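Peer 1: What follows is a predicted protein model with its sequence.
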Amino acid sequence: MIHVIGGGLAGSEAALQISRAGLRCVLHEMRPLQQTPAHKTGDLGELVCSNSLKSEQENSAPWLLKEELRRLGSLLMEIAARTRVPAGHALTVDRERFAEEITSAISSDPKIELCREEVQTIPEDGIVIVASGPLTSNALAGEIARLTGAERLFFYDSISPIVEAESIDHSIVFRASRYGKSLDGTEDYLNCPFNREEYERFVDALLSAASVPAHIQEDQVCYFEACLPVEEIARRGRDTLRFGPMKPMGLDDPRTGRRPYAVVQLRQENLRADSYNLVGFQNHMRFPEQKCVFRMIPGLEKAEFLRYGQIHRNTYINAPSLLTPTLQLRTQPSVFFAGQISGVEGYVESIATGLIAGQFAARLASGEELAAFPRETALGSLCSYISGANPAHYQPANISFDLLPKLDEATGRHFRHDKRARHAEICRRALGALARWQPDAVHA
Ligand SMILES: Cc1cc2nc3c(=O)[nH]c(=O)nc-3n(C[C@H](O)[C@H](O)[C@H](O)COP(=O)(O)OP(=O)(O)OC[C@H]3O[C@@H](n4cnc5c(N)ncnc54)[C@H](O)[C@@H]3O)c2cc1C
C-alpha cells in the first residue's frame, strides 16, 4: 500500500499521480478535524495565502516549471487551467474552485482512499510520501525528527535575499574571507564595503522600511536569535549591525589596505550558478522596499534580485543531508518527502515535488528502477538542489534560472549580451531533455 500524508498541494498531486499509474493509495489529511494556523477550510489543495501560481510568461523560470508539469500530466495544473482568473501574465486561480475541484477529483477517485485523520507515526508497511507541509502537526513533526535526527528538522525559514552575479559592481566589491580563512583556498566571499556615511544612511533606510504583515500572528514575535530580521537588529541600536552581520573585522579592502566601516558579505551558493546570497540579511520588509534599501549597499546599486528575504513558520528537513535526487530518504528508500517539508518553497514547487514523489512511488511499488530527472530540466534542477546543496547553509528554494545548469561555453558566449535569448535557450534545452527522458510525455 502507498500512504500519502497530507492532502495539500504536494500530497493531492502525488495521490492523483499514483492513481493515474493504476495503483491504490491512502491519502491522510487531518483537516477539518484539526486545522493548521493558516488553513481555513477542510478542502484539499487549499491555497493558504495568495492565489497566484506565478508567471506564465514564456521562457521565464516559473513558466518552465509549470510547462514541464503540464507535459508530464500534472492534474493540479489541469485544474489550475480550468479555474484560472484573469491576472495578466500570472497563472492566478479562483482559490475556492481550485480547492473544490481538487477535493472532488480525489473524493470521486476509486483508487484513492481519503482518510480524515492526523497521522502521528509514519506507517511501517509499504511506501510512504510525507507531504504534510510547512505547518506539519506537532506530533508528526516529532516523528519526523525521530526519523531524520532532530537537528535536521527546522521550524523557521529565515531566507536572505539572492542577487544575480552579473548585476554586482565588481569595481566596488572585493573578494576576501574573514582573516584570510578561506574554506578551499579561494576567497569565499564578495564584500560590499561601507564608509561611515553610507552606513548611517543605510541604517536610516532600514529603520523606516515597511514590513510585510504576518500571515500567522506568532511570526511577529517568535524569532530565534539566530535568525533575527536585519531591521530588528538595526532597531536594537545604530551600531548593532556593525557588530553583527555587517561586522568588518578581518576584512581589509585590498585596494585601500584599510578595514571598511561596515561590510555586507555575499556568498556564492553551491549549485546556484551565477548568484550570491546576502549573508544574514533575512528580513521582513516588503519586496519593493527591499529592492530600494538593498540597492543602497555599495556594489549593489544595480542589483537584480532573484529572491527577496523572508522569515516565516516553515517545517522542513535538511534535505541535502537526507534525500536522494528521487526524493527518497537515503536511509529508508520506501519513504519519500514532497512539498514544502522536502525543502522547496512555493505552491508550484510543492506541486512539482508531489508529482515527482507520486510518479516515483508508483514506479517503486511496481518494482521499477528509479532514475532522477535530467539535470537540464527545471524538475531535475529542483531535485538536484534539494539533494545536493550545501547542507551547512541549506535554505529552501523557489525555481529560478540560477538553479539550472549554465549553457555550454560556446552557446553562452553566443548569447552573452541577450539574457532573454539565453533564457529561451535554457528552456528549449530543458524541454528537449524532458522529451528524451520521458518520450510519452505530452508535447506542446
Ligand atoms: C502562511 C503561509 C503562506 C504562504 N504563502 C504562499 C504564497 O503566497 N505563495 C506561495 O507560492 N507559497 C506560499 N507558501 C508556501 C507554500 O508554497 C505553501 O505552504 C504550500 O501550500 C505548500 O504545499 P504543501 O503541499 O507542501 O503543504 P500544504 O499545502 O500546507 O499541505 C500540507 C497538508 O498536510 C496536512 N497535515 C499536516 N500535518 C498532518 C498530519 N499529521 N496528518 C495529516 N495531515 C497533516 C495539512 O493539514 C495540509 O493540508 C506559504 C506558506 C505559509 C505557511
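Peer 2: In hand now; what should we look at? Being a predicted model, the structure only gives us computed values, none of them experimental.

Peer 1: Checking the closest residue to the ligand within the stretch 101-250 of the chain next. Helix, strand or coil?
Peer 2: Using Cβ to the nearest ligand atom, the single residue of the stretch 101-250 of the chain nearest to the ligand is residue 133, 2.5 Å away. Every C-beta, even on glycine, is put in place using the N, C-alpha and C of the backbone. The assignment at residue 133 comes out as coil when based on DSSP: H, G, I helix; E, B strand; the rest coil.

Peer 1: repeat for residue 156
Peer 2: Following three-state DSSP, residue 156 is assigned to strand.

Peer 1: hmm, back to that, what's the pLDDT at the nearest residue to the residue of the stretch 101-250 of the chain closest to the ligand once chain neighbours are set aside?
Peer 2: Of all residues not flanking residue 133 in the chain, residue 8 sits nearest, at 4.8 Å (Cβ to Cβ, 6 or more residues apart in numbering). Looking at residue 8, its pLDDT stands at 98.

Peer 1: Also residue 273?
Peer 2: 62.

Peer 1: what do you get for the one 3 residues further on?
Peer 2: In this model, residue 276 is scored at 92, pLDDT.

Peer 1: so who does it touch?
Peer 2: 162-163, 165, 168, 190, 266-269 (Cβ atoms under 8 Å, 6 or more residues apart in numbering).

Peer 1: those helices in the chain, which residues are they?
Peer 2: 9-20, 61-71, 75-82, 95-107, 138-148, 196-208, 230-235, 287-294, 347-365, 378-388, 409-414, 419-437 (DSSP state H).

Peer 1: Could I have the CA atoms of the fifth one written out in CSV?
Peer 2: The C-alpha trace of helix 138-148 is given here as CSV (Å, rounded to 0.1, in the frame of the first residue of the first chain):
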residue,chain,number,x,y,z
ASN,A,138,3.5,18.7,16.3
ALA,A,139,3.1,15.0,16.8
LEU,A,140,4.1,14.2,13.2
ALA,A,141,7.0,16.7,13.4
GLY,A,142,8.2,14.8,16.4
GLU,A,143,8.0,11.5,14.5
ILE,A,144,9.9,13.1,11.5
ALA,A,145,12.6,14.4,13.9
ARG,A,146,13.0,10.8,15.2
LEU,A,147,13.4,9.5,11.7
THR,A,148,15.7,12.2,10.4
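
Peer 1: For burial, what's the neighbour tally of whatever residue of the stretch 301-444 of the chain ends up closest to the ligand?
Peer 2: Residue of the stretch 301-444 of the chain nearest the ligand, by Cβ to the nearest ligand atom: residue 339 (2.4 Å). Residue 339 has 31 neighbouring residues, counting by other Cβ atoms under 10 Å.

Peer 1: pretty sure it contacts residue 353?
Peer 2: Yes. At 5.8 Å, residue 339 counts as touching residue 353 under the criterion of Cβ atoms under 8 Å.

Peer 1: Let me see the contact set for whichever residue of the chain sits closest to the ligand.
Peer 2: Of all residues in the chain, residue 8 sits closest to the ligand, at 1.7 Å by Cβ to the nearest ligand atom. Residues in contact with residue 8 (Cβ under 8 Å, 6+ apart) are 44-46, 131-133, 339, 350.

Peer 1: For the residue sitting nearest the centre point of the chain, give me its contacts.
Peer 2: Centroid-nearest residue in the chain, with Cα atoms, centre = their mean: residue 397, separated by 2.2 Å. For residue 397, the contact set (Cβ under 8 Å, 6+ apart) comprises 343-345, 349, 382, 385-386, 389, 403.

Peer 1: Where does the prediction get shaky in the stretch 301-444 of the chain?
Peer 2: Along the stretch 301-444 of the chain, the model assigns pLDDT under 70 to residues 441-444.

Peer 1: Now the phi/psi pair for the residue of the chain closest to the ligand, please.
Peer 2: For residue 8, the backbone dihedrals (degrees, to the nearest 10) come out as phi -90, psi -150.

Peer 1: that older thread, let's see the pLDDT reported for the residue of the stretch 101-250 of the chain closest to the ligand.
Peer 2: Per the predicted model, pLDDT is 97 at residue 133.

Peer 1: Pretty sure residue 6 is one of the things it touches, is it not?
Peer 2: Yes. Assessed by Cβ under 8 Å, residue 133 is found in contact with residue 6 at 5.6 Å.

Peer 1: neighbours of the closest residue in space to residue 16 that isn't next to it in sequence, just the number please.
Peer 2: If the residues on either side of it in the chain are set aside, residue 16 comes closest to residue 75, at 4.2 Å by Cβ to Cβ, 6+ apart. Using other Cβ under 10 Å, residue 75 is surrounded by 24 other residues.

Peer 1: got it, and the one 3 residues further on?
Peer 2: Applying other Cβ under 10 Å, we find 15 other residues in the vicinity of residue 78.

Peer 1: Just give me the neighbour total for the closest residue to it other than its chain neighbours.
Peer 2: Of all residues not flanking residue 78 in the chain, residue 70 sits nearest, at 7.9 Å (Cβ to Cβ, 6+ apart). Neighbours of residue 70 under the rule other Cβ under 10 Å: 16.

Peer 1: Isn't residue 70 up against residue 80?
Peer 2: No. Under the criterion of Cβ under 8 Å, residue 70 makes no contact with residue 80, lying 9.5 Å away.
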